[in-house]
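Undergrad: what would the 3D arrangement of this be:
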Amino acid sequence: MYDVLVIGGGPGGYAAALYGASAGLSVAVVEKDKVGGTCLHRGCVPAKEFLETAAAFRAVSGALEFGISASEPKIDFSISQARKQKVVDQLWKGLSGLMKGRKIETIEGVGKYLGNGRVAVSDGRVLEGQNVILASGSVPRSIPGFEVDGKIVMTSDEVLLLETLPSSVAVIGGGAIGCEFASMMADLGAKVTILEALPQILTGVDRDVAEVVSKSFRKRGINIHSGVSVSGHTPNASGTGTSVHFGEQQSVSVEAVIVSVGRRPNSDDLLGSEASVEIDQRGFVTVDQFMRTTEQGVYAIGDLVATAQLAHVGFAEAIVAIKHILGERVIPVDYSKVPWCIYCHPEVAFAGLTEDAARAAGIDIVVKKDPFGGNSRARIIGETDGLVKVVAERLSDGSAGRILGVHMVGPWVTEQLGQGYLAINWEATPDEISQFIQPHPTLSEAFGETVMALTGRGLHVG
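TA: Predicted coordinates:
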């Protein structure tokens, strides 16, 4: 019998295994494919490799601005595909070696929780664990009328296997994943149309930030139709494309369609009849703040539960579950303050409350914004679209108190969010944060400038 038996070797599952093994627990992971899960093999990592290809293409295209003459760039996507696979394989081998080094047993097969600590593997074996962690992840959602064929209609899984890029594409869904694919495709020469059912793309992102992305997309030729629903598509007689129907009898002809309407929990056939683990109507496993399910000794983490579908949230939930198993002091994940990163161009990063959410909660707030147009480093690299926005509570004397939200859009903001995330989670005030010295010239000093402005004594921000 294992101390911990994990179903699923994605970010949540392998993090639980590594953290538990480092604490001396005997751990086994049942994984149907390769450890690393969707994030490493069909999601975060390969998508960002392709976005980096797009960044390299932009850099060469704009080299003349820096006095560098270069011929017009051309893309051989098969080379980028090969590079992506090399990156993925290197990371997978490193992760596999790490798990082996910590004496974690990896069992190939599909796991099913039978109840009473027993897990059936598709090869016929039945394993037992003192504790079981369900971490089977998620799969792309589909929509009626857009059956995935891998050629004309694709989800993220199929896009990340392409050897050549379509000349035109309709992206159904303007969320984080949809915007990343739209940005990448447009930068590499495809004609892109985004079809979003909600009033704006990047719903849930601060509206000032989302507006910067929308303007940048439109400037780069991406057509955005928000507040529209799709009703189906009609493939061309030649079989080389299709017409997507949306809104009020509108349509757009494209070579390919990317369905990007979110992901659903991979809970189908996860449980046996004797398991007393509760699954809600949407397919999510019900858990408490310690990631405990409704069956004693069974935990669930990652995309399988109704929390933010982010790899790093899965990491955090894994640590919560293992600490609870160990009987250690546990601090539950505060989902209102987790960091979010979207890797489209321009990038988006944020943590905490948006301005609208803070006002809707009845909080009296003060807000400051610092556009990247005034940032020295942004001017140097030629990337001035964007801003840093900080939301803080307003104290009775009118000054700024706790920092409630930090929202960024612009160059490399996904690498700049750390200090804002810490400020929110430590409930820091602008007076406290403004004491720290920001290196100059850097992109990250825009956060410091914005926070200093909240003290009423900003240098470059009013």
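
Undergrad: what's the longest helix in this protein?
TA: Selection of the longest helix in the chain by residue count, based on DSSP state H, yields helix 77-101.

Undergrad: what residues of that helix count as buried?
TA: Neighbour-count burial for helix 77-101 flags 80-81, 84, 87-88, 92, 95-96, 99 (criterion: 16 or more other C-beta atoms under 10 Å). Quick note: C-beta positions are derived from backbone N, CA and C, even for glycine.

Undergrad: avg pLDDT for it?
TA: Averaged across helix 77-101, pLDDT comes to 96.

Undergrad: tell me which of the buried residues of helix 77-101 is nearest to residue 113?
TA: Distance to residue 113, by C-beta to C-beta, is smallest for residue 99 among the buried residues of helix 77-101, at 21.0 Å.

Undergrad: which residues does that closest one contact?
TA: Residues in contact with residue 99, defined by C-beta atoms under 8 Å, 6 or more residues apart in numbering, are 14, 17-18, 21, 29, 35, 106.

Undergrad: report the two of these separated the most.
TA: The span of the contacts of residue 99, defined through C-beta to C-beta, is set by 21 and 35 at 13.0 Å.

Undergrad: make JSON lines from the contacts of residue 99 and add neighbour count to it.
TA: Output for those, formatted as JSON lines (neighbours: other C-beta atoms under 10 Å):
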{"residue": "14", "neighbour count": "29"}
{"residue": "17", "neighbour count": "31"}
{"residue": "18", "neighbour count": "21"}
{"residue": "21", "neighbour count": "21"}
{"residue": "29", "neighbour count": "27"}
{"residue": "35", "neighbour count": "23"}
{"residue": "106", "neighbour count": "18"}
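
Undergrad: which of the residues you listed sits closest to residue 161?
TA: residue 35 (19.6 Å).

Undergrad: now that closest one. Nearest residue, chain neighbours left out?
TA: For residue 35, ignoring the flanking residues on the chain, the nearest one in space by C-beta to C-beta, 6 or more residues apart in numbering is residue 9 at 3.8 Å.

Undergrad: one more: residue 100?
TA: In this structure, residue 100 finds its nearest non-sequential neighbour in residue 106, 7.8 Å apart by C-beta to C-beta, 6+ apart.

Undergrad: any idea how far residue 83 is from that neighbour?
TA: From residue 106 across to residue 83, the span is 27 Å (C-beta to C-beta, to the nearest Å).

Undergrad: how about residue 152?
TA: Separation of residue 152 from residue 83 (C-beta to C-beta): 26 Å.

Undergrad: kindly report the same for residue 55.
TA: Distance, residue 55 to residue 83, by C-beta to C-beta: 13 Å.

Undergrad: the helices in the stretch 151-300 of the chain, which residues?
TA: Remark: helices assigned in the stretch 151-300 of the chain by DSSP state H, counting those that start in this stretch are 156-159, 176-187, 207-219.

Undergrad: winner for burial among the ones you listed?
TA: helix 176-187 (a mean of 25; mean count of other C-beta atoms under 10 Å).

Undergrad: quick check: mean pLDDT of that one?
TA: Taken as a whole, helix 176-187 has an average pLDDT of 97.

Undergrad: which secondary structure elements does it sit against?
TA: Packed against helix 176-187 by the contact rule (3 or more C-beta pairs under 8 Å, 6 or more residues apart in numbering; DSSP states H and E) you find helix 44-61, helix 156-159, strand 168-172, strand 191-196, helix 207-219, strand 340-342.
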